[in-house]
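In: starting from these lines, generate the structure:
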Amino acid sequence: MTQPRALRAHMIHSWDGTEWQVFVALPDEARWPHVPFPITDGIPTLNARAAALHSLGFTPLGAEQTWEWMETVFEGDPDGVVSLVATTTVAPETDPPA
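Out: Residues are numbered from 1 along each chain as shown. Model (predicted):
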């Protein structure tokens, strides 16, 4: 049995800061489908992120569903505004959502 290809899923703030976005970085794709979560609802829970990934046709690898958090500075931002990014490893689901 072949091992599914591992990809990285990300959760970031939108460019305008109004929502969290969960997406999977797909090689050779110019635009990645995403699932939005309003900032006003707080940080999406692990279950909400797993449901978002499922709706995109992916499943987290590993039972813990751990996400790694990091800070990054927006490229070209003279004020050095920091953005939070969370990532986890995912694989395509064997039976994509209908």
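In: distance between the strand ranked longest in the chain and the chain's centre?
Out: In the chain, assigned by DSSP state E, the strand with the most residues is strand 82-92. Computed by Cα atoms, centre = their mean, to the nearest Å, the chain-centroid distance of strand 82-92 equals 5 Å.
In: so which residues make contact with it?
Out: 4-13, 24, 49, 53, 57-62, 65-74 (Cβ atoms under 8 Å, 6 or more residues apart in numbering). C-beta: built from backbone N, CA, C; applies to glycine.
In: tell me the bridge partners for F37.
Out: W20 (DSSP bridges).
In: swap that for E71, sorry
Out: Applying DSSP bridges to E71 gives these bridge partners: L84.
In: so who does it touch?
Out: Residues in contact with E71, defined by Cβ under 8 Å, 6+ apart, are 82-85.
In: next one: F23
Out: Counting by Cβ under 8 Å, 6+ apart, F23 makes contact with 9-10, 32-35, 56.
In: of those residues, buried ones?
Out: Neighbour-count burial (16 or more other Cβ atoms under 10 Å) applied to the contacts of F23 gives 9-10, 34-35, 56.
In: just name the shakiest helix or strand of the protein by mean pLDDT.
Out: strand 68-73 (a mean of 86; mean pLDDT, DSSP states H and E).
In: what comes up buried for that one?
Out: Buried-residue list, strand 68-73, by 16+ other Cβ under 10 Å: empty.
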